[in-house]
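Chemist: With the input below, show me the fold.
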Amino acid sequence: MNSPGTPFRRPGARVASQRMSCSELIDTFADITPDKAAVFFRDRATTYGELATAIELSARRLRHCGVDPGDRVAIFMRNRTEFVELYLACFRIGAVAVPINHRFATAEVLFAVTHCAA
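Modeler: Here you go, the predicted model:
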């Protein structure tokens, strides 16, 4: 049992001092509570299990398209669950997600993409 003031830790869980990527954190939550809501968008909740699966699929698609660790991936879409999935998939493969505001004018999008090396 954890004593008061000590963070909760399940047996075998990684401690906070260990490095964990965002996608690893989602995977941990998916293992512990796969049916718990992770992302809410409009009238739909996406569970941690669904999110972890979607991140993995997006990561595989990015690698299939030739995205390597360190590459920049420009993400130009409205706020939605797929944005979260793609953003975290970039972390999973070691790529750099570059979110671009969907409200940008064409010139602003071109400037952002040109200057982020995506």
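Chemist: Could you pull up phi and psi at the spatially most central residue of the chain?
Modeler: With distances taken as CA atoms, centre = their mean, residue 88 lies nearest the centre of the chain, 1.6 Å away. Per-residue torsions, residue 88: phi -70, psi -30 (degrees, to the nearest 10).
Chemist: residues contacting it?
Modeler: For residue 88, the contacting residues are 22, 23, 26, 51, 55, 58, by CB atoms under 8 Å, 6 or more residues apart in numbering. Every residue, glycine included, has its C-beta placed from N, CA and C.
Chemist: If any of those are buried, put those into a ChimeraX selection.
Modeler: Selecting only the buried entries of those in ChimeraX, with 16 or more other CB atoms under 10 Å as the criterion:
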select :23,26,51,55,58
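Chemist: what are the phi and psi angles of the nearest residue to residue 116 once chain neighbours are set aside?
Modeler: Of all residues not flanking residue 116 in the chain, residue 98 sits nearest, at 4.6 Å (CB to CB, 6 or more residues apart in numbering). Dihedral pair for residue 98: phi -120, psi 90, per degrees, to the nearest 10.
Chemist: And for residue 67?
Modeler: Torsion angles, degrees, to the nearest 10, at residue 67: phi -80, psi 120.
Chemist: That one reaches residue 94, doesn't it?
Modeler: No: with contact defined as CB atoms under 8 Å, residue 67 does not count as touching residue 94 (9.3 Å).
Chemist: hmm, back to that, how far away is the residue nearest to residue 116 from residue 21?
Modeler: The spacing between residue 98 and residue 21, counted by CB to CB, to the nearest Å, is 17 Å.
Chemist: Who has more neighbours out of these two?
Modeler: Between residue 98 and residue 21, counting by other CB atoms under 10 Å, residue 98 is the more crowded of the two (18 against 12).
Chemist: residue contacts, the residue lying closest to residue 76 once chain neighbours are set aside?
Modeler: Closest residue in space to residue 76, ignoring its immediate chain neighbours: residue 100 at 4.6 Å, by CB to CB, 6+ apart. Applying CB under 8 Å, 6+ apart, we find residue 100 in contact with 74, 75, 76, 109, 112, 113.
Chemist: So for residue 49, what's the nearest residue that isn't a sequence neighbour?
Modeler: Closest to residue 49 by CB to CB, 6+ apart is residue 34, at 3.3 Å.
Chemist: Noted, bye for now.
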